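Participant: Sequence and predicted structure below; questions after.
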Number of protein chains: 2
Amino acid sequence: MTDLRSAFGKRVRELRVINGMTQETLAYRAGLDRTYLSGVERGERNVSLLNIEKIATALQVSVEYIFSGERFSVTPSYQSVDLLHHTINDSIDEGRNALTFYEGSSFDQN
Amino acid sequence: MTDLRSAFGKRVRELRVINGMTQETLAYRAGLDRTYLSGVERGERNVSLLNIEKIATALQVSVEYIFSGERFSVTPSYQSVDLLHHTINDSIDEGRNALTFYEGSSFDQN
DNA sequence: ATGTGACTGGGAGTCCGTT
DNA sequence: AAACGGACTCCCAGTCACA
């Protein structure tokens, strides 16, 4: 998955054609502009959550389903934590603090 | 799933806390602003594809995974095709045309 | 460590076309 | 039916000081 915009666009086009819809029909159902949807399918648009939801609804699929498949399943390679000057102990400490913050409870520090 | 922004935000917060990260570290890894990420987790930001990808990468999960789970799996209810003045035969016809267009081939009409 | 209001530039999204 | 372009509006990405 080099560019999520292209991957998303291809997926939308796939599902649209499977459903036997034209861009115009899909755009109308999603309440979006025809030219905008065209750009989405060609991977030129940086679609945001609200429109992702609109498009999924118009395609009659769940958001989960629209992002399922090989295209989106590749876990991106990630730089080593060391490179970010962030140690494992840092993570553990921050985990404690975060949990304390959100749950209003504290760890036994002894 | 009433609002995809809230659902996405909750999911991000879940995965961040599980990984023992603070908002600040996650934001740093994603190359985003801390206050922006705060808004994302509270469902107040309409995150777009490129930032979804950044956040997923920083969380060390795939985009598919971030959208998996009950929260995103509900297929949205959809208005009847009739309400849209779009018949089943229309869909079939459009499907043929669309396939013809993209595959450069034609259906046997007989 | 996180929440929040306010701000600005740029891009999301629309509407008009032509190819 | 779809790609593409220009011009437009308006919302949001991205940031700040402060709570």
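Facilitator: It's in. Numbering: from 1, shown residues only, chains lettered A, B, ... in the order given.

Participant: Give me the neighbour count for the closest residue to DNA strand D within chain A.
Facilitator: Across chain A, no residue is closer to DNA strand D than A:T22, which sits at 3.2 Å (C-beta to the nearest atom of the strand). The way it works is simple: take the backbone N, C-alpha and C, and place the C-beta from them, glycine included. Counted by other C-beta atoms under 10 Å in any protein chain shown, the residues lying close to A:T22 total 19.

Participant: what do you get for A:L59?
Facilitator: Burial of A:L59, expressed as a neighbour count using other C-beta under 10 Å, amounts to 24.

Participant: so it touches A:E14, yeah?
Facilitator: No. A:L59 lies out of contact with A:E14 (C-beta atoms under 8 Å); the separation is 9.7 Å.

Participant: Enumerate every residue touching the residue in chain A that DNA strand C sits nearest to.
Facilitator: With C-beta to the nearest atom of the strand, the shortest gap between chain A and DNA strand C falls at A:N46, namely 2.8 Å. Residues near A:N46 by C-beta atoms under 8 Å, 6 or more residues apart in numbering or on different chains: A:5, B:48-50.

Participant: Just the buried positions in the helix or strand harbouring A:V17, please.
Facilitator: For A:V17, the enclosing helix or strand under DSSP states H and E is helix A:4-18. By neighbour count, and taking 16 or more other C-beta atoms under 10 Å in any protein chain shown as the criterion, the buried residues in helix A:4-18 are A:4-9, A:11-13, A:15-17.
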